[in-house]
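Participant: Below are the sequence and a predicted model; questions follow.
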Amino acid sequence: MPGRYQELHSRSLSDPEGFWAEAAGAIDWVKRWDKVLDDSNAPLYRWFSGGELNTCWNALDRHVEGGRADQAAIIYDSPVTETKRTLTYRELRDQVALFAGALRNLGVEKGDRVIVYMPMVPEALVAMLACARLGAVHSVVFGGFAPHELATRINDAKPKVIVSASCGIEPGRVVKYKPMLDSAIEQSTHKPDHCVVLKRPQAEAELVAPRDVDWEAAVAAAQPADCVPVKATDPLYVLYTSGTTGQPKGVVRDNGGHAVALKWTMEHFYGVKPGEVFWAASDVGWVVGHSYIVYAPLLHGCTTVVYEGKPVGTPDAGAFWRMINEYGIQTLFTAPTAFRAIKRDDPNAELLGKYDLSCFRALFLAGERSDPDTIQWAERNLKVPVIDHWWQTETGWPIAGNPLGLELFPVKYGSTCKPLPGWDIRVLAADGHEVPKGDIGAIVAKLPLPPGTLPTLWNAEDRFRNSYLAEYPGYYQTADAGFIDSDGYIHVMARTDDIINVAGHRLSTGGMEEVLAGHPDVAECAVIGVADELKGQLPLGFVVLKAGVTKDHDTICKELVKKVRDEIGPVAAFKQAIVVDRLPKTRSGKILRGTMQKIADAEPWKMPATIDDPIILDEIGQALKGIGYAKEKA
């Protein structure tokens, strides 16, 4: 609908209270709010203050009572265990109500914290929703996190109960959770009252009596629990994200604004209808999993997909296509990394021909920069809109993207399109003034942020102010850098700490990565700034080649240097690239550029808790030493 986006975006900024009050009509309220936007403690704003609701009711019970009881709520597909299972809304509601009763038997009440340390199984969603049902605050920690990292979260959240499993399963190996959980509790100063452990046949778990309780036994002894009304401003969950000090930041998500915003995005941004099958190929340990595996699809009455395994490699690069074909998935949301891996392993998309994708309507990419080559490859082969969009753990839902549910704008490769309704995005210079259109600066959002975004950090209000609000008063600092062009498109180039300074020139490593990714032999790449005595920093490129490339590596690297020089100019001072087998990433697919930079500059670095495969950092170190970097300082 031409003009629909502009109409809604303008209204959301000129009349935010009216706009979001209308959106809130799609949610069931126990008590209507007193005030849509509470600015009495600005810049700490609150949405729907005085209102009461229950998120679990809105995600499950109202659908059961409203005619969706027999519709699939969850499709569980686990190629690593060769297991498939479907839960209807009624079945999921009943399991959640019983598990909520089990938690209540263990002393969990409204406001208590529960840590969920689980693999990608339906029970992980059951545990999250059971907490929401009781008004307890869940904090999901990625299954398999190291004991020390889990211990820091236990100490900060102070959970009454931890819900875990005997193991998680990754392609080719079983990851035993229980020994890591025991070690984390041993290291932590706070001790939970109980741990509920889901026993899986792939690994046994030794229960420590009386602290540990078997999941099945706990449920067998329980009675279903009803939904507990909570304030709209009460926390639904705390999700920890990395902090610059090494101490994770507990991002708080409230109940009211979260439910309103997420349900709104399903229709108006993702263009999804109730009853359709929506797959966010992520993990509940990340914000994408919270927002778009669990809450948004269920709030909207969709069928959501829980997938255990790596969508690209279990068993092959056609896993996405098999899932879409088998379950009639209309919309897929994943990370660009996944598609770069598919493009690398199946560059001609031959596996696509094995499956019927006629039901498939749109692909959404987020989590990191989407390079134009990958987007174009997906467009060519899938023949559906491929939408890059941008958001953060802190925001909980997209800041900018091409709004499929409102109107589609022409694609500009390298841009995440326009800010969504609710978002007033500016680009500022270091002195806080707006820069001209097209100039790179710090991307910020004018306060107040829309509903569903973080109102604060868990027990760390000062840190919240200092981390996000202090540098540019009146704005939320995204810590991303980029520019807004003359058409209002946002171009997110890099994290602000990924802007490198070459002889006084501020350059975006993201812009260089776009050029490298456009080389026909390159599957994926990363650019970092390495220390240089003369120019301060110089860019260094890492490239992973596509499968089957036999060309000499030196030749490819020379072509890449020339390509950057031709497309960005000599000012980029891009003179070196190296070929590596793989890049170090978090489990959610983000490349660990900061760690690579520290290794290159021989600076002290800490193993990131979220790393997918620590061995890759050794490989990167060896490759860097081979070209004269990563040398120990005298």
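Facilitator: Cool, the structure landed.

Participant: low pLDDT regions in this protein?
Facilitator: 242-246, 497, 503-506, 633-634 (pLDDT under 70).

Participant: Secondary structure class of residue 21, three-state.
Facilitator: Under DSSP: H, G, I helix; E, B strand; the rest coil, residue 21 falls in the helix class.

Participant: List the buried residues in stretch 535-553.
Facilitator: 537-546 (16 or more other C-beta atoms under 10 Å). For every residue, glycine as well, the C-beta is placed using N, CA and C.

Participant: My error: substitute stretch 209-220 in the last question.
Facilitator: Buried residues in stretch 209-220 (16+ other C-beta under 10 Å): 212-213, 215, 218-219.

Participant: repeat for stretch 135-146
Facilitator: Burial within stretch 135-146, assessed by neighbour count using 16+ other C-beta under 10 Å, is assigned to 135-145.

Participant: now for the residues you listed, which pair is the farthest apart?
Facilitator: Across the buried residues of stretch 135-146, the longest distance by C-beta to C-beta is 28.6 Å; it joins 135 and 144.

Participant: In the buried residues of stretch 209-220, find the pair that's most separated.
Facilitator: 212 and 219 (14.8 Å).

Participant: So which elements touch the host helix or strand of residue 163?
Facilitator: Using DSSP states H and E, residue 163 falls within strand 161-165. For strand 161-165, the contact count by 3 or more C-beta pairs under 8 Å, 6 or more residues apart in numbering; DSSP states H and E identifies strand 113-117, helix 178-187, strand 194-198 as packing neighbours.

Participant: Off-centre distance for the last one?
Facilitator: If I follow you right, that is strand 194-198. 26 Å (C-alpha atoms, centre = their mean, to the nearest Å).

Participant: With the second one instead?
Facilitator: Shown here is helix 178-187, whose average C-alpha point lies 26 Å from the average C-alpha point of the whole chain (C-alpha atoms, centre = their mean).

Participant: And the contacts of it?
Facilitator: The contact list for helix 178-187 (C-beta atoms under 8 Å, 6 or more residues apart in numbering) reads 117, 144-148, 150-151, 154, 162, 164, 166-167, 191-192, 195, 197, 203, 205-206, 208.

Participant: buried ones in that helix?
Facilitator: 178, 180-182, 184-185.

Participant: How about stretch 353-360?
Facilitator: Going by neighbour count (16+ other C-beta under 10 Å), the buried part of stretch 353-360 is 355, 357, 360.

Participant: residue ranges of the helices in the stretch 201-350 of the chain, please?
Facilitator: 215-220, 256-268, 287-289, 296-299, 319-327, 336-345 (DSSP state H, counting those that start in this stretch).

Participant: Is it possible to get CSV of the buried residues of stretch 209-220 that adds distance to residue 109?
Facilitator: Putting those into CSV (distance: C-beta to C-beta, whole Å) gives the following:
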residue, distance to residue 109
212, 21
213, 17
215, 20
218, 16
219, 18
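
Participant: Relative to residue 69, which of those residues is nearest.
Facilitator: Nearest to residue 69, judged by C-beta to C-beta, of the buried residues of stretch 209-220 is residue 219 at 20.7 Å.

Participant: Please verify my assumption that that closest one contacts residue 98.
Facilitator: Yes: counting by C-beta atoms under 8 Å, residue 98 is a contact partner of residue 219 at 5.2 Å.

Participant: Leaving out the residues flanking it, which one is nearest to residue 233?
Facilitator: Using C-beta to C-beta, 6 or more residues apart in numbering and skipping the chain neighbours, the partner closest in space to residue 233 is residue 46 (4.9 Å).

Participant: my guess is the one you found contacts residue 455, does it?
Facilitator: Yes: using C-beta under 8 Å, residue 46 is in contact with residue 455, at 6.1 Å.

Participant: Identify the contacts common to the two.
Facilitator: In contact with both residue 46 and residue 455: 233, 254, using C-beta under 8 Å, 6+ apart.

Participant: So which of those two has more stuff around it?
Facilitator: residue 46 (25 against 21; other C-beta atoms under 10 Å).

Participant: what sits against the more buried one?
Facilitator: 37-38, 233, 254, 455.

Participant: what about residue 477, distance to residue 41?
Facilitator: 19 Å (C-beta to C-beta, to the nearest Å).

Participant: Between those two, which has more neighbouring residues?
Facilitator: For residue 477 versus residue 41, neighbours defined as other C-beta under 10 Å are more numerous around residue 477 (17 against 8).

Participant: tally of neighbours for residue 306?
Facilitator: 24.

Participant: who's in contact with the nearest residue to it once chain neighbours are set aside?
Facilitator: Nearest non-adjacent residue to residue 306, counting by C-beta to C-beta, 6+ apart: residue 76, 4.7 Å away. Listed by C-beta under 8 Å, 6+ apart, the contact set of residue 76 reads 83-87, 121-122, 306, 308.

Participant: Could you say which helix or strand holds residue 76?
Facilitator: strand 72-78.

Participant: who touches whichever helix or strand comes after that strand?
Facilitator: Next in sequence after strand 72-78, counting helices and strands by DSSP H and E, comes strand 83-88. Here strand 83-88 makes contact (C-beta under 8 Å, 6+ apart) with 69-78, 95, 122, 308.

Participant: In terms of distance to residue 224, which of these ranks first?
Facilitator: Among the contacts of strand 83-88, and counting by C-beta to C-beta, the member closest to residue 224 is residue 95, at 9.6 Å.

Participant: For residue 563, give its distance to residue 538.
Facilitator: 17 Å.

Participant: what does residue 578 give?
Facilitator: From residue 578 to residue 538 the distance is 13 Å (C-beta to C-beta).

Participant: Surely residue 392 is in a helix?
Facilitator: No: counting by three-state DSSP, residue 392 is not part of a helix but coil.

Participant: contacting residues around it?
Facilitator: Taking C-beta under 8 Å, 6+ apart, one finds 287, 399, 478 in contact with residue 392.

Participant: Tell me the spacing between residue 161 and residue 108.
Facilitator: Per C-beta to C-beta, residue 161 is found 6 Å from residue 108.

Participant: Then residue 438?
Facilitator: 53 Å.

Participant: So the two - more neighbours on which side?
Facilitator: Each of residue 438 and residue 108 has its neighbours counted (other C-beta under 10 Å); residue 108 has more, 24 against 11.

Participant: The more buried one: what's it in contact with?
Facilitator: Here residue 108 is in contact with 114, 131, 134, 136, 160-161 (C-beta under 8 Å, 6+ apart).

Participant: what does residue 120 give?
Facilitator: Here residue 120 is in contact with 78, 143, 168, 283-284, 306-308 (criterion: C-beta under 8 Å, 6+ apart).

Participant: give me the element it is part of.
Facilitator: Counting by DSSP H and E, residue 120 is part of no helix or strand.

Participant: what's the closest of the contacts of strand 83-88 to residue 531?
Facilitator: The nearest member of those to residue 531, counting by C-beta to C-beta, is residue 308 at 42.2 Å.
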